[in-house]
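> predicted model and sequence follow; I will ask about them next.
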Number of protein chains: 4
Amino acid sequence: MIGRTQWAIAEGYIPEGSHGPEPEMTSHETICFLNAGDEDAHVEITIFFEDRDPVGPYEVTVPAQRTEHVQFNDFEDPEPIPQGTAFASTIESDQPIVCQHTRLDSRQAENALLSTVPYAGEQ
Amino acid sequence: MIGRTQWAIAEGYIPEGSHGPEPEMTSHETICFLNAGDEDAHVEITIFFEDRDPVGPYEVTVPAQRTEHVQFNDFEDPEPIPQGTAFASTIESDQPIVCQHTRLDSRQAENALLSTVPYAGEQ
Amino acid sequence: MIGRTQWAIAEGYIPEGSHGPEPEMTSHETICFLNAGDEDAHVEITIFFEDRDPVGPYEVTVPAQRTEHVQFNDFEDPEPIPQGTAFASTIESDQPIVCQHTRLDSRQAENALLSTVPYAGEQ
Amino acid sequence: MIGRTQWAIAEGYIPEGSHGPEPEMTSHETICFLNAGDEDAHVEITIFFEDRDPVGPYEVTVPAQRTEHVQFNDFEDPEPIPQGTAFASTIESDQPIVCQHTRLDSRQAENALLSTVPYAGEQ
């Protein structure tokens, strides 16, 4: 089945003030997951910072044969990701999945500012 | 021959209203295929959603020694891809091909807003 | 030594009118090469189209321990790449090199509109 | 542990005038490092040019379980990277790390203009 179980995104940033209502919320930091397989994927995301210990895991289930677009802005448990702070993330899944890291600009009707396939670990 | 037979794009989005005539059609979600080999490639694309079963296959032939730039907006058979909806896709080919995922902004004379090489499966 | 000898870029596009003097020349389609090794790299680029046979090779030498930023707009031998036309390219080198595909917008002091590492063939 | 010890970025460019105070400083050329492992990573960056010998190494330590976002603009030892000049870089680490190459536009509250995962060498 297509995908990997380990991924890493070395860049992340939620602009300050981005939790306000649109159009104040100018961008969304998003991970897109694809689970093309026949089993639900249980995904654990860990967030790394420049000056303190990692936080996580944040848990997401990507059902079999589904995609899931998840915003870092919406993470709440164990704690929200602070705004205006550089971070990075690792993604571990119990099923092979495919990830894409996308930053959307909501002022332009969901146009992406960037999109890149993150680093995939070994299979 | 250069390329892979399995690809996946975890991110896709066609803005609402983007089927209108230009300049209303502000962006195109595109897959660029390269078949550098000597045999025509028969490509099957499957579209995955967040909340319903996958749709497909959409069939594309990329002739030998040719490139083909295909717009998700133009897919019609088995059904058009809905606007304003997150999706993902897998690509299976009977010959090695190379893929690139590009979003074009037609307001700026075909400038790309993003372009990334999608995840390549095993050979 | 870091790099590969085979690369492919499935997306390429030179906007019409982009050969004029700046600021008319609004974007450059660029391949950046890095040869971190101790031998000069002799690189051959082949251009693929949607509706006619490939053209090439275009020849570039990337000296040992140097980078080279090459614009598709400047290709002349065996023939210029037509404007307003979708194309793709393969890159073959006799030494390992690293490639990056970048589109620059000269209206913004050389800011890049996109940049992606193309597909790397086998070693 | 996730990551590689060898990376290469074939594209780099610091616009002229970008060392001035904001808002004159219109963009930052950034490498984001993630060290998800338990040992500090000692990273050496070498800068390659089109017309002269490489310069380096520039040394960065990425502590265990931390991310580090480093700007090429800030490199000083052995010498600053000249503005308005094409360059490329290699990255060697004594621990596996993950890299992402990002260009930020500070006029838009740290929105990225581009972001891509650079070429990863062998493990």
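Noted; the coordinates are in hand.

> least trustworthy helix or strand in chain A by mean pLDDT?
Among the helices and strands of chain A, strand A:111-116 carries the lowest confidence by mean pLDDT, DSSP states H and E, at a mean of 69.

> and the helix or strand just after that strand, what does it pack against?
Note on strand A:111-116: by DSSP states H and E, the next helix or strand toward the C-terminus is strand A:119-120. Where contact means 3 or more CB pairs under 8 Å, 6 or more residues apart in numbering or on different chains; DSSP states H and E, strand A:119-120 is packed against strand A:4-12, strand D:87-105. For every residue, glycine as well, the C-beta is placed using N, CA and C.

> at 10 Å instead, please
strand A:4-12, strand A:87-105, strand D:87-105 (3 or more CB pairs under 10 Å, 6 or more residues apart in numbering or on different chains; DSSP states H and E).

> got JSON lines for those strands, with distance to chain B, mean pLDDT and mean neighbour count too?
As requested, the helices and strands packed on strand A:119-120 are arranged in JSON lines below (distance: least, CB to the nearest CB, whole Å; pLDDT from 0 to 100; neighbours: other CB atoms under 10 Å in any protein chain shown):
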{"stretch": "strand A:4-12", "distance to chain B": "8", "mean pLDDT": "91", "mean neighbour count": "25"}
{"stretch": "strand A:87-105", "distance to chain B": "4", "mean pLDDT": "90", "mean neighbour count": "23"}
{"stretch": "strand D:87-105", "distance to chain B": "12", "mean pLDDT": "90", "mean neighbour count": "23"}
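
> most centrally placed residue in chain A?
Residue closest to the average C-alpha location in chain A (CA atoms, centre = their mean): residue A:31, at 3.2 Å.

> and that one, how far from chain C?
Going from residue A:31 to chain C by CB to the nearest CB, to the nearest Å gives 18 Å.

> nearest residue to that residue other than its sequence neighbours?
Leaving aside its chain neighbours, residue A:31 sits nearest to residue A:70 (5.1 Å; criterion: CB to CB, 6 or more residues apart in numbering or on different chains).

> against chain B, how distant is the one you found?
Counting by CB to the nearest CB, the gap from residue A:70 to chain B is 10 Å.

> ok, the helix or strand hosting that residue: who's next to it in the sheet?
Using DSSP H and E, residue A:70 sits within strand A:66-71. Using DSSP bridges, strand A:66-71 pairs in its sheet with strand A:27-35 (antiparallel).

> other SSEs contacting the helix or strand just after the strand it pairs with?
Using DSSP H and E, the helix or strand that follows strand A:27-35 in sequence is strand A:41-49. If contacts are counted by 3+ CB pairs under 10 Å, 6+ apart, strand A:41-49 sits against strand A:4-12, strand A:27-35, strand A:55-62, strand A:66-71, strand A:87-105, strand D:66-71.

> let's have those strands in a markdown table, adding distance to residue D:53.
Converted to a markdown table, the helices and strands packed on strand A:41-49 look like this (distance: least, CB to CB, whole Å):
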| stretch | distance to residue D:53 |
| --- | --- |
| strand A:4-12 | 29 |
| strand A:27-35 | 39 |
| strand A:55-62 | 44 |
| strand A:66-71 | 46 |
| strand A:87-105 | 33 |
| strand D:66-71 | 22 |
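
> who wins for proximity to residue D:38 among those strands?
Closest approach to residue D:38 among the helices and strands packed on strand A:41-49 (CB to CB): strand D:66-71, 11.3 Å.

> what about the closest one, distance to the chain center?
Centroid separation for strand D:66-71 versus its chain: 9 Å, with CA atoms, centre = their mean, to the nearest Å.

> next: stretch A:3-13.
Here stretch A:3-13 is found 8 Å from its chain centre; the criterion is CA atoms, centre = their mean.

> right, and chain C sits closest to which residue of chain A?
residue A:116 (7.2 Å; CB to the nearest CB).

> hmm, that residue is touching residue A:30, no?
No: judged on CB atoms under 10 Å, residue A:116 makes no contact with residue A:30 at a distance of 11.7 Å.

> what sits in contact with each of those two?
By CB atoms under 10 Å, 6 or more residues apart in numbering or on different chains, residue A:116 and residue A:30 have these common neighbours: A:100-103, B:11.

> where does the prediction get shaky in chain A?
Low-confidence segments of chain A (pLDDT under 70): A:17-27, A:105-113, A:122-123.

> ok, 50 please
Where chain A drops to pLDDT under 50, the residues are A:19-25.

> bridged to the nearest residue in space to residue A:91 that is not next to it in sequence, which residues?
The spatially closest residue to residue A:91, leaving aside those adjacent along the chain, is residue A:7, at 4.1 Å (CB to CB, 6+ apart). Beta bridges link residue A:7 to residue A:91, residue A:120, judged by DSSP bridges.

> equivalent analysis for residue A:115, please.
Applying DSSP bridges to residue A:115 yields these beta-bridge partners: residue A:102.
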